[in-house]
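**Student:** everything below, folded, please.
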Amino acid sequence: MRKMVFAVLGLVVAFQAFAAPPKAKVKIALIVESTVDDKGWCQAMHEAITAVQKKYGPTLVEYSYSEKMKPVDAGSAARQYASKGFDIIIAHGAQYKNLILEMAEEFPKTTFAFGTSADVGPKNVFTYMPQSEQTGYLNGLIAGSVTKSNIVGLVGPVDGGDAARYDRGFVLGVKASNPKADVKVAHTGSFGDFVKAGELAQTQIQAGADVLTGSSQQALGALRAVAAYKERPVWWVGQDVAQLHIPESTRVIAAASYNYGAVIEAIMERRAAGVLGGENLPLNFANGGFVYEFNSSVGPVLTKEIRAKVDAARAELTAGKLQLDWKAVKF
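**Tutor:** Here you go, the predicted model:
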């Protein structure tokens with residue numbers, strides 16, 4: 001089967017939510033490598049699609065999903081969805097890139113999407129890329145302000161995609177609020193290795209880190225290590241607001257989430273207009289692609305001054321007045 005090749009970092013577009021309900025029923029399928037309740041990456045996309053379905057009703061938006069799909073297994077699930085007439089098939093992870101390119105050629109009338117990726121795909125493939133340096137920056141501002149040891153920990157999955165952007169934005173935020181702080185960076189090498197994430201977090205805490213962060217579903221392992229630590233106060237700033245509503249939330253100062261509803265509605269809108277793909281859809285504060293929440297129950301650690309600092313930076317990011325040179329950060 002002939003491989004389809006992406007254009008290089010080309011078209012990036014802004015998008016707004018639907019002004020009106022879709023005129024015809026839209027069938028959406030989601031393929032994820034973890035589960036739809038993983039308190040992270042996969043749950044964020046699942047909840048976005050269910051929110052869109054709730055907004056327009058199941059008569060206009062039909063939704064189905066497949067969990068625990070390794071790339072080698074996902075092809076059969078995607079082919080079944082396409083054969084059953086699903087309009088939009090989302091494989092939620094850059095690891096599905098090759099699969100989606102092959103499937104897109106086989107089913108040219110089906111809209112496929114995957115992310116994160118800043119590439120521009122063929123005419124029936126959308127990609128999406130969170131500009132997560134923005135959420136990382138806000139979390140970094142908090143971490144740099146809160147740390148007493150001047151040591152901050154970062155447990156990442158892999159150094160690529162939106163995770164790389166988040167990590168570097170976090171470092172920029174820490175340094176902006178506390179130039180003396182040392183950010184210790186480690187990667188599990190996996191999006192789903194909860195055990196290793198916990199081990200890396202423990203290592204960073206033992207090295208003096210008193211504020212940590214991490215992204216993707218594996219970060220839950222690091223958060224659990226933070227919440228279980230009893231020797232001294234250790235805090236967390238999160239990359240999924242679901243972390244504010246679990247037992248470990250007692251250590252979570254604030255958290256950001258991706259609002260993939262903006263991506264879903266953009267894809268629906270474009271498909272309704274006859275555009276099946278060929279665009280890269282960003283998520284940022286300006287287009288409503290991010291949600292950011294403080295944890296009001298953590299007590300005096302979250303001061304009015306810190307909140308004001310973060311709110312001011314968020315306003316600047318939303319207005320486009322603050323540009324973050326995340327690529328300049330080297331690990």
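**Student:** pLDDT below threshold where in the protein?
**Tutor:** By pLDDT under 70, the low-scoring segments of the chain are 1-20.
**Student:** how does it divide into domains?
**Tutor:** Segmentation of the chain into domains, based on automatic domain parsing, reads 26-131+259-283, 133-238+296-328.
**Student:** so which of those comes closest to residue 246?
**Tutor:** For residue 246, the closest of those is domain 26-131+259-283, at 6.3 Å, according to CB to CB. To be clear about C-beta, it is placed using only N, CA and C from the backbone, and glycine gets the same treatment.
**Student:** between the two ends of that closest one, what distance do you get?
**Tutor:** 22 Å (CA to CA, to the nearest Å).
**Student:** show me the contacts for the residue nearest to the spatial centre of the chain.
**Tutor:** In the chain, the centroid-proximal residue (CA atoms, centre = their mean) is residue 258; its distance is 5.1 Å. Residues near residue 258 by CB atoms under 8 Å, 6 or more residues apart in numbering: 44-45, 48, 130, 132, 283, 289-291.
**Student:** circling back to that earlier point, what would the domains of the chain look like in TSV with distance to residue 245 and mean neighbour count?
**Tutor:** Rendered in TSV, the data for the domains of the chain read as follows (distance: least, CB to CB, whole Å; neighbours: other CB atoms under 10 Å):
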stretch	distance to residue 245	mean neighbour count
domain 26-131+259-283	9	20
domain 133-238+296-328	11	20
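**Student:** redo these as CSV? Include distance to residue 253.
**Tutor:** Converted to CSV, the domains of the chain look like this (distance: least, CB to CB, whole Å):
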stretch, distance to residue 253
domain 26-131+259-283, 17
domain 133-238+296-328, 5
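**Student:** secondary structure class of the residue lying closest to residue 118 once chain neighbours are set aside, three-state.
**Tutor:** Distance criterion CB to CB, 6 or more residues apart in numbering; nearest residue to residue 118, sequence neighbours excluded, is residue 129 at 4.7 Å. Secondary structure state of residue 129, per DSSP: H, G, I helix; E, B strand; the rest coil, is strand.
**Student:** please name every helix or strand in contact with the helix or strand encompassing residue 114.
**Tutor:** In this structure, residue 114 sits in strand 111-115 according to DSSP states H and E. Judged by 3 or more CB pairs under 8 Å, 6 or more residues apart in numbering; DSSP states H and E, strand 111-115 is in contact with strand 88-91, helix 97-106, strand 125-130, helix 261-272.
**Student:** mind checking these for the one nearest to residue 62?
**Tutor:** Comparing the helices and strands packed on strand 111-115 against residue 62 with CB to CB, the closest turns out to be strand 88-91 (10.3 Å).
**Student:** who are the packing partners of the closest one?
**Tutor:** Against strand 88-91 (3+ CB pairs under 8 Å, 6+ apart) you get strand 26-31, helix 71-83, helix 97-106, strand 111-115, helix 261-272.
**Student:** what helices and strands are in contact with the third one?
**Tutor:** It refers to helix 97-106. Using 3+ CB pairs under 8 Å, 6+ apart: helix 97-106 touches helix 71-83, strand 88-91, strand 111-115, strand 125-130.
**Student:** what lines up beside the last one in the sheet?
**Tutor:** Sheet pairing here is set by DSSP bridges, and for strand 125-130 it gives strand 111-115 (parallel), strand 280-283 (parallel).
**Student:** ok so, going back, okay if I get the helices and strands packed on strand 88-91 as CSV plus distance to residue 221?
**Tutor:** Shown next, in CSV, are these (distance: least, CB to CB, whole Å):
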stretch, distance to residue 221
strand 26-31, 23
helix 71-83, 22
helix 97-106, 26
strand 111-115, 23
helix 261-272, 27
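**Student:** contacts only, for residue 61.
**Tutor:** Counting by CB under 8 Å, 6+ apart, residue 61 has contacts 22, 25-26, 28, 52-53, 55.
**Student:** rerun that using 7 Å as the cut-off
**Tutor:** Taking CB atoms under 7 Å, 6 or more residues apart in numbering as the contact definition, residue 61 lies against 26, 28, 52-53.
**Student:** hey, where'd the helices end up in this structure?
**Tutor:** Secondary structure of the chain by DSSP state H: the helices cover 41-56, 71-83, 97-106, 133-146, 161-177, 194-206, 219-228, 261-272, 304-319.
**Student:** nearest to residue 184, of those helices?
**Tutor:** helix 194-206 (5.1 Å).
**Student:** how about residues contacting stretch 232-240?
**Tutor:** By CB under 7 Å, 6+ apart, the residues outside stretch 232-240 that reach it are 39-40, 44, 135, 139, 142-143, 146, 166, 205, 210-213, 215, 219, 223, 226, 251-257, 301.
**Student:** from the chain's centre, how far out does it sit?
**Tutor:** A distance of 17 Å separates the centroid of the chain from that of stretch 232-240, by CA atoms, centre = their mean, to the nearest Å.
**Student:** what of stretch 115-132?
**Tutor:** The answer for stretch 115-132 is 13 Å, by CA atoms, centre = their mean.
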